[in-house]
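1. this one's structure only:
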């Protein structure tokens, strides 16, 4: 979709015209498939590297378009957020040292991006979800100024007719409401592509589904979102909910989310997979110009199937079918979309080698996997991997097996056999699969991140901990040290030379508050029991409406404990926003001779900062 000039479908004529060309694309595709025109050899691989652009203080930066222009390299392209970019690799023939060549190409391109970023007071970062991401960054003002993203946003919001309600429960819980698809921009991945022989495509696709659970468990790297510990791979839950065209899961014509694992094994041919997507999912976008693929094919040329590609680009399966044309020949690929970006480039390449090896190493015992395993078990394995990573217990061949044992005893040997069949360099096989083995036996990115976040929280505020965590990740992402060797973040290391402290760095977010209609006696006891001197007062909408302090309690004495809080509270409260410099908070307290500032966004209470916090 990213390469196409798109528009929103408006009215019957627009939609009917698009459907007409979409159906002609399907007919042309099926004709090419039946006539055996799809390339079967050589097999090629490729990948897409999404990455973050941050400020020097490791907050999301909104200058991706300027950096893209200065990089001036066709391998790079925009993403949805102003703080993301993507690198598309060259296709490589699957043989010899192709994975090392791929790593070297990405290393060169990432260094090129970092050089330009440095010149623009920015940094680049490889991680599934940026720990320092804040709610302000999911507003539409951070959406890249490219028409296709705004058209997609308008189409999805028009289909939903409601905001997105995100709910993810892990160690913590996240509930939020957002009015755009910008939550999709919170996710970055390392998308891997493998060309597939069309004669065995459906069976290979089903096998890619079967291995998704153990592959994902070995490489989870996105446990944190907005400071909350959620899933081992929170990206999966977030992306699934952030671009869902359904306001609820009971809408008759779209019971399956566009972002999904699927709900059954695939049968028939590749054409049937595409037909299923068209049958299940309404068209979101149209083209400014269409091509008659049947006419192009009859003239002896291979059509690009632009309408079909556009529709396929709005169905976000974690294993996605892809059609392409290279060297004048059509080919088919499976795109693995669930592998996260980071924590290092070498870890990403190892993830790809593991996946490709498993795809190639499918043994005879696992052919026609749809007749040998229950799809619900396979889907369940994927969800477990998302939630629990290496702590998962999978069902494999109707037996319960730990993620560790399944990967070490079954998957890695299969992957090695597959890579040997493809005549991949022995040293590369051992090197990259060795990285997977060591990681499985020690720690994944998500395990490292959670452990260090908890450690940093003991001596820092949550926000400072997230910033230091991100700084350490940046320092090590291109160092050659894979995640299994990363140790604890030194809480005394000065990773950030100029933190530019803001109120959010020091404010307390776990605060007690009471309703304006509660009794003063309740306010007194809450302050006594919890040893606090400032108590925010809210109304039924949870908006800040007042403040009561320990000094107020002393002044009032015991005579008025039966009155309501709203009758004695300070109503005209001096507040501050979380983005203000910390020095501004200090100056405001001194000027007004107060020791407490509620932190608000409009009327919403976000936290509190006191003189003790400073």
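-> The structure has been received and is ready for your questions. If you're wondering where the values come from, they're calculated on a predicted model, not measured in any experiment.
2. now for the longest helix anywhere in the chain, which elements pack on it?
-> With secondary structure taken from DSSP state H, the chain has its longest helix at helix 11-34. Secondary structure elements in contact with helix 11-34, counted by 3 or more CB pairs under 8 Å, 6 or more residues apart in numbering; DSSP states H and E, are helix 270-280, strand 285-287, helix 293-298, helix 306-312. To be clear about C-beta, it is placed using only N, CA and C from the backbone, and glycine gets the same treatment.
3. SS state for residue 90?
-> Using DSSP: H, G, I helix; E, B strand; the rest coil, the structure places residue 90 in coil.
4. any idea how far it lies from residue 238?
-> Using CB to CB, to the nearest Å, residue 90 is found at 30 Å from residue 238.
5. who has more neighbours out of those two?
-> Between residue 90 and residue 238, residue 238 has the larger neighbour count (other CB atoms under 10 Å), namely 24 against 11.
6. correct me, but the more buried one touches residue 188?
-> No: contact between residue 238 and residue 188 fails when scored by CB atoms under 8 Å: they sit 11.5 Å apart.
7. quickly list what's touching both of these two.
-> Shared contacts of residue 238 and residue 188 (CB atoms under 8 Å, 6 or more residues apart in numbering): residue 129.
8. report the contact partners of the closest residue to residue 372 other than its chain neighbours.
-> The spatial neighbour of residue 372 that comes closest, neighbours along the chain excluded (CB to CB, 6 or more residues apart in numbering), is residue 366 at 7.0 Å. Counting by CB under 8 Å, 6+ apart, residue 366 makes contact with 207, 210, 372.
9. with respect to pLDDT, which of those residues ranks lowest?
-> Ranked by pLDDT, the contacts of residue 366 bottom out at residue 372 (95).
10. could you check how far residue 347 is from residue 313?
-> To residue 313, residue 347 is 28 Å away according to CB to CB.
11. which one of these two has more residues nearby?
-> Set side by side, residue 347 and residue 313 show more neighbours around residue 347, with 28 against 19, by other CB under 10 Å.
12. the more buried one contacts residue 432, doesn't it?
-> No: here residue 347 does not reach residue 432: they are 9.7 Å apart, not a contact under CB under 8 Å.
13. which residues in the stretch 151-300 of the chain form strands?
-> For the stretch 151-300 of the chain, strands defined by DSSP state E, counting those that start in this stretch occupy the ranges 164-169, 173-178, 190-196, 224-225, 228-229, 259-260, 285-287.
14. save these as TSV, and put in mean pLDDT and distance to residue 50 too.
-> What follows is the strands of the stretch 151-300 of the chain, written out as TSV (pLDDT from 0 to 100; distance: least, CB to CB, whole Å):
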stretch	mean pLDDT	distance to residue 50
strand 164-169	89	20
strand 173-178	90	20
strand 190-196	98	7
strand 224-225	96	16
strand 228-229	96	22
strand 259-260	88	16
strand 285-287	87	21
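15. which one of the ones you listed lies nearest to residue 62?
-> strand 173-178 (17.6 Å; CB to CB).
16. show me what the closest one is packed against.
-> If contacts are counted by 3+ CB pairs under 8 Å, 6+ apart, strand 173-178 sits against strand 164-169.
17. low-confidence stretches in the stretch 401-550 of the chain?
-> Within the stretch 401-550 of the chain, the segments meeting pLDDT under 70 span 491-500.
18. residue 59 contacts residue 136, correct?
-> No: contact criterion CB under 8 Å: residue 59 and residue 136 do not qualify, at 9.8 Å.
19. any idea how far the residue nearest the centre of the chain lies from residue 371?
-> In the chain, the centroid-proximal residue (CA atoms, centre = their mean) is residue 187; its distance is 2.2 Å. Between residue 187 and residue 371 the computed distance is 34 Å (CB to CB).
20. so where's the stretch 251-400 of the chain uncertain?
-> Within the stretch 251-400 of the chain, the ranges that satisfy pLDDT under 70 run 251-255.
21. recalculate using a threshold of 50.
-> Within the stretch 251-400 of the chain, the segments meeting pLDDT under 50 span 251-254.
22. any idea how the protein splits into domains?
-> If you go by automatic domain parsing, the domain ranges for the chain are 6-213+225-346, 445-504, 505-610.
23. need those domains in TSV (columns: distance to residue 413).
-> Output for those, formatted as TSV (distance: least, CB to CB, whole Å):
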stretch	distance to residue 413
domain 6-213+225-346	13
domain 445-504	20
domain 505-610	47
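24. related to what we said a few turns ago, comparing residue 59 and residue 136, which residue is more hemmed in?
-> residue 59 (19 against 13).
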